[in-house]
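Engineer: Below: sequence and its predicted model.
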Amino acid sequence: MPSPEQWTHPEPGEGPAAQAAQPSREQVIAGLRNTDAGGAEVTQLLTPEGERIASPQFDRYISDIDPDALRGLYRDMVLVRRADREANAMQRQGQLGIWVPLLGQEAAQVGSGRALRPQDMAFPSYREHGVAYTRGVDFKELLGIFRCTDHGGWDFQAHGFHPYTIVIGNQVLNAAGYAMGQKFEGKVGDDDGEATIVYFGDGATSQGDVHEGFVWAAVYDAPLVFFCQNNQWAISEPTERQSRLPLYQRARGYGFPGIRVDGNDVLACLAVTRWALEECRHGNGPVLIEAFTYRMDAHTTTDDPTRYRLSEELEVWKHKDPIERVRVHLARNGYADQAWFDQIQAEADAFATDLREFCFNMPEPPPERVFANVYAESSPVLDSQRDEFLSYLAGFVEAGER
Amino acid sequence: MAAPVKSPVDGAVPAVQKLTIGKALNMGLRAAMEADDKVLILGEDVGKLGGVFRITDGLQKDFGEQRVLDTPLAESGIIGTAVGLAVRGFRPVCEIQFEGFIFPGFDQISSQLAKLHYRTQGRVKVPVVVRVPYGGGIGAVEHHSESPESLFAHIAGLKVVSCSNPTDAYWMIQQAVASDDPVLFFEPKRLYHNGQLKSEVDTTTPPGPLFASRVVREGTDCTLVAYGPSVKVCIDAAAAAAEEGRSLEVIDLRTLSPLDLAPVFESVRRTGRLVAVSEAPSESSITSEIAARVQQECFYSLEAPVLRATGFDTPYPPSKLEEHYLPDLDRVLHTVDRAMGW
Ligand SMILES: Cc1ncc(C[n+]2csc(CCOP(=O)(O)OP(=O)(O)O)c2C)c(N)n1
């Protein structure tokens, strides 16, 4: 098998464009404009400085979040970030084929994920490791995809967490169909109703599937929360390449509410998602949430953001870190002391060590896995293809060559 | 008639250069853009990033944002607008990031791109090129390693080609752009930056027409026919077989639609045996078509049935298993053994 180096890109600085890649003034301004916290429209409950902002509309959705619960959300985010960094490092060490980092998007994922109830269903794209964690999917179960031993084998029904989807936008229609099913089965209408949430990026909003998903969910009143993590970039393309309008405003054109939330504010993400899910449970869905956030790392480990992104932009967003603001809030109000923060860090380190050990010891799939589960019913042609191939392989073993 | 390919301006580039396939494609696209200012490039990340494989590296910088367009993230949009631009007189070259993402654009390709010329009784030309990095062997996750070329060869109105070496990459992309028909241009992504394949490219004279296969190694015992990434596998297999005294002929198809089988018929009449190699699943594929037509044309010359070494009829597996899935040198030689032992 060729090594990953054979297909990764030339190093930055090699190509002729590398010398000329200085962004224009307009590009600098466009980039920094995006770092403006999302404009006046954004819903925020906890400022980057860690101050709680009262919200007549949304406070009631987090009335149960006492200091203990807030510490829980902090812990979630620290663990998720630590695991994400560990996986990123393992990719660099050749243990994973690729990694899709979530750095910076912890609040959007933990906040929205913790808003879900067991009866709900989540449809992720491929970056939703934090949501997976809140749905009780072990981080280890994600690793097979990135170590390329499987395509994602968790029990999605047990967790209410659908398999990852790599093709941009596909899952939005699938989620719309699932939510229509919840509606058709009469599971919508009161506080205990069911709802579905679907995750996608700002780039995905250009895909036909996403627009069709909006249409379907709207005309069938499907209990579906569209959760768009606008992390400002679709690989190298800024949000301006996808829309003239703030993304949340698009919902209006399809006939349902859209709202922009500070995606780096875990309380706001929790409250707004709970509100949206409640609307869905009661049969008032769908709802679009645009979580205004930022991708702090590369798109994936094969991407080179220095070619298109400004370091100034990154610096601005560092000050809006989703974890730091909770930490400041907890510390300033005496809800947690240094010993507690140290203990969480130790727990996160242990979480990461465990993940690393698991990764290193993952078994390789056997060759017959190639042919397994292609069909639900048997396929005689495929069975004989498999048998023929296995006996071909056995020939090498007999000859002592493999 | 296709417009003639203009060579790059004299003195702009040295006539002979050592290039990888990736770099050759980049230079070929540059030459095509210099030769005709109606040539546009459209795709995701093709601008500042130079594409995720860097095939369009530096082109936006030199030709501007109206000739190298970073498009919204929508393949149906990329192909559909390219059709409209072509109707308006442009020659769009679309980049699909990975073959697994062509399907949102499949409707536009099959319903409009392929049929507009026919439907308008020849009044409209749609000289659109769709570049598709394809194939496996790069250790990637799902949707990044497939070989869907047969699906496109099946659609009347499209031409489908695949290159396997730097000289072809440089010239075929320019010839595809110059063609007045829609061309699906399949690029063997795992070979893009393969240093072993780096070779001298004569940038002054094209080596031959676009829609023609070519014998790349002569032999007498059995013919191997392949295209794209599998050509290298077959050349390596022929070299290995030669050490054991067996002489294999290798044909690079280059064009999958129209399928130029004349050199294959000619070869099979001499060798009496044919093994067709491809990474794609075998059912209803290019290799099935080859088998059918060779059986029909060369029935009395065949010493053995046409055999195939291909991907299996399964989805592309998790890439830890791709060494099993992809027809490698051993599997090709094993299939040759079977043909020889018939
Ligand atoms: C249909 C399709 N086209 C192209 C790709 C390649 N691709 C993978 S991720 C990506 C960018 C996605 O950006 P966005 O939707 O904003 O999500 P993000 O990764 O930023 O969270 C692209 C172009 C794909 N996976 N699917």
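Structural biologist: Here it is on my side, so go on.
Engineer: Contacts (any at all) between chain A and the longest strand anywhere in chain B?
Structural biologist: For chain B, the longest strand by residue count, based on DSSP state E, is strand B:274-281. No: using CB under 8 Å from any CB of the partner chain, strand B:274-281 never reaches chain A; the gap is at least 9.8 Å. (Each C-beta comes from the backbone N, C-alpha and C, glycine too.)
Engineer: Now do whatever helix or strand comes next after that strand: distance to the chain's middle.
Structural biologist: Counting by DSSP states H and E, the next helix or strand C-terminal to strand B:274-281 is helix B:286-298. Distance of helix B:286-298 from the chain centroid (CA atoms, centre = their mean, to the nearest Å) equals 20 Å.
Engineer: And for stretch B:276-292?
Structural biologist: With CA atoms, centre = their mean, you get 15 Å for stretch B:276-292.
Engineer: For burial, what's the neighbour tally of residue 49?
Structural biologist: Looking at chain A here, since you left the chain open. For A:Glu49, the neighbour count with other CB atoms under 10 Å in any protein chain shown is 11.
Engineer: The intended chain is chain B.
Structural biologist: B:Leu49 has 26 neighbours, counted by other CB under 10 Å.
Engineer: Over to A:Val172?
Structural biologist: 28.
Engineer: is it fair to say it lies in a strand?
Structural biologist: No: in this structure, A:Val172 is helix, not part of a strand, as judged by DSSP: H, G, I helix; E, B strand; the rest coil.
Engineer: pretty sure it is touching A:Phe226, no?
Structural biologist: Yes: contact criterion CB atoms under 8 Å: A:Val172 and A:Phe226 qualify, at 7.1 Å.
Engineer: any residues in contact with both of these two?
Structural biologist: By CB atoms under 8 Å, 6 or more residues apart in numbering or on different chains, A:Val172 and A:Phe226 have these common neighbours: A:Val198, A:Phe200, A:Gly213.
Engineer: Can you verify my assumption that the first one contacts A:Gly213?
Structural biologist: When you say that, I think you mean A:Val198. Yes: assessed by CB under 8 Å, A:Val198 is found in contact with A:Gly213 at 7.4 Å.
Engineer: Look up the residues forming beta bridges with whichever residue of chain A sits closest to the ligand.
Structural biologist: Nearest residue of chain A to the ligand: A:Gly201, at 2.1 Å (CB to the nearest ligand atom). Beta-bridge partners for A:Gly201, by DSSP bridges, are A:Gln229.
Engineer: Let me know how buried it is, in neighbour terms.
Structural biologist: Neighbour count for A:Gly201, taken as other CB under 10 Å: 26.
Engineer: likewise A:Glu364?
Structural biologist: Neighbour count of A:Glu364, defined by other CB under 10 Å: 10.
Engineer: Leaving out the residues flanking it, which one is nearest to it?
Structural biologist: Among residues not flanking A:Glu364 along the chain, B:Lys320 sits closest, at 5.9 Å (CB to CB, 6 or more residues apart in numbering or on different chains).
Engineer: Please confirm that the one you found is located within a helix.
Structural biologist: Yes: assigned with three-state DSSP, B:Lys320 falls within a helix.
Engineer: in stretch A:41-61, what counts as buried?
Structural biologist: For stretch A:41-61, a neighbour-count test (16 or more other CB atoms under 10 Å in any protein chain shown) marks A:Val42, A:Thr43, A:Gln44, A:Leu45, A:Leu46, A:Thr47, A:Pro48, A:Gly50, A:Ser55, A:Phe58, A:Tyr61 as buried.
Engineer: count of neighbours near residue 167?
Structural biologist: No chain was given, so I picked chain A. Using other CB under 10 Å, A:Val167 has 19 other residues around it.
Engineer: To clarify, I was referring to chain B.
Structural biologist: Other residues near B:Thr167 come to 20 when the count uses other CB under 10 Å.
Engineer: what about it, is that helix, strand or coil?
Structural biologist: Three-state call for B:Thr167 (three-state DSSP): helix.
Engineer: Also B:Gly208?
Structural biologist: For B:Gly208, the secondary structure call by three-state DSSP comes out as coil.
Engineer: Thought B:Val216 was touching it, still the case?
Structural biologist: No: with contact defined as CB under 8 Å, B:Gly208 does not reach B:Val216; the gap is 11.8 Å.
Engineer: between the two, who's got more neighbours?
Structural biologist: Comparing B:Gly208 with B:Val216 by other CB under 10 Å, the one with more neighbours is B:Val216, at 18 against 15.
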